[in-house]
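Student: Provide a 3D model corresponding to the input given below.
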Amino acid sequence: MSLTRLALRFAAPVPRIEDFDRYLFIGPHPDDIEIGAGATAAKLAASGKQVCFLICTDGRYGEGHVPETGDALAALRRDEAIRAAAVLGVHDVRFLDLCDGGFYEQDALLFSLAKVVGEFAPDIILAPDPCVGSEGHPDHLNAGRAAQQIAVCAVHRGIMARYGAENAPVQAIAFYMTAKPNRFVRTAGFIKRQFSAIFDCFPSQFPPQDPTGKSIALYLKLRALDFGLRSFKGCAEGFRVLGALHMHCMPEMD
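Tutor: Residues are numbered from 1 along each chain as shown. Just a heads-up that it's a prediction; the model follows:
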């Protein structure tokens, strides 16, 4: 470890996810928050934290398992997302209704996201990590990049005004679906709720006996054990967390 990295640990320590009060979870599609950080969301909600889910796209191209397509499938997936959030104890669910598949302008995502951040005023934003080499879906990459950009700018009244939004006291961003976690949340007692939110509430994506669902379930179990072993927490979800100081002019935090 370089001296600079060692110094950063003391000068600008990585925030602890559970130390905040208001949490905005950003999902590229319905079901992404549940898969990436569902157990953490359930734990935070159960502890009395203020939790909001924001779904960026309408999921209309997640077809294949149900007869619905287009607008009908988008409406179905919205209903599934609301039910899944409720299972996790989250009742503030918002939708940007951008078109699934990246068929929107990035500015439309940025401006819409900024307005929700200004309205909800989160302390921390959670979003998919856009710096994962294997990720190829444009909605995941776009959502993560937009979340980080707004997280950096949220405290600046003038910048947020240019987005048509209020400024907000965002102190950190935590990336889920990451390959480089630096903070872990113990999730024992909440994994069953996460699985119910995914596999009971999203039948359009994970119908019974579907092999994809079984593969994801196994992956989530092994991921929880892996992150738990790394952090000595038993079962856990991992996040790449950046505080306000880390998100600008500190490349060693990469």
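Student: can you map out the helices along the protein?
Tutor: Taking DSSP state H, the helices of the chain run over residues 3-11, 32-46, 70-87, 106-120, 138-153, 157-162, 191-195, 211-231.
Student: weakest of these by average pLDDT?
Tutor: Lowest mean pLDDT within these: helix 3-11, at a mean of 66.
Student: about what we covered before: any chance of the helices of the chain in CSV, with distance to E63 and mean neighbour count too?
Tutor: Every residue, glycine included, has its C-beta placed from N, CA and C. Output for these, formatted as CSV (distance: least, CB to CB, whole Å; neighbours: other CB atoms under 10 Å):
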stretch, distance to E63, mean neighbour count
helix 3-11, 46, 11
helix 32-46, 17, 26
helix 70-87, 6, 18
helix 106-120, 22, 19
helix 138-153, 15, 22
helix 157-162, 37, 13
helix 191-195, 23, 18
helix 211-231, 14, 14
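Student: Figure out which of these is closest to T57.
Tutor: For those, distance to T57 was read as CB to CB. The smallest value, 5.3 Å, belongs to helix 138-153.
Student: now that closest one: how far from the chain's centre is it?
Tutor: Relative to its parent chain, helix 138-153 has a centroid offset of 11 Å by CA atoms, centre = their mean, to the nearest Å.
Student: now do stretch 72-90
Tutor: Taking mean C-alpha positions (CA atoms, centre = their mean), stretch 72-90 and its chain are 15 Å apart.
Student: What are the contacting residues of that stretch?
Tutor: 25, 27, 29-31, 33-34, 38, 41-42, 45-46, 51-53, 55, 58-60, 62-63, 66, 68, 91, 93, 95, 97, 100, 193-194, 196-198, 200-205 (CB atoms under 8 Å, 6 or more residues apart in numbering).
Student: at 7 Å what do you get?
Tutor: The contact list for stretch 72-90 (CB atoms under 7 Å, 6 or more residues apart in numbering) reads 30, 34, 38, 41-42, 45-46, 51, 53, 55, 58-60, 62-63, 66, 68, 91, 93, 95, 193, 196-197, 201-202, 204.
Student: Got a ChimeraX select line for the buried ones in those?
Tutor: Here is the ChimeraX command that selects the buried residues among these (16 or more other CB atoms under 10 Å):
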select :30,34,38,41,42,45,51,53,55,58,59,60,62,63,93,95,193,196,197,201,202,204
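Student: Please narrow the contacts of stretch 72-90 to those residing in strands.
Tutor: 51, 53, 55, 93, 95 (DSSP state E).
Student: Which single one of those residues is nearest to N182?
Tutor: Nearest to N182 among the ones in strands among the contacts of stretch 72-90, counting by CB to CB, is V51 at 21.7 Å.
Student: Model confidence for M250, exactly?
Tutor: Predicted confidence (pLDDT) for M250: 68.
Student: hang on, the earlier thing: wait, which of the helices of the chain is closest to A179?
Tutor: That would be helix 211-231 among the helices of the chain, by CB to CB, at 11.4 Å.
Student: any idea how far that closest one is from the chain center?
Tutor: Remark: helix 211-231 is offset 17 Å from the chain centroid, using CA atoms, centre = their mean.
Student: quick thing: my sequence starts at 38, can you match it?
Tutor: Renumbered: residue one is now 38, and that last one reads helix 248-268.
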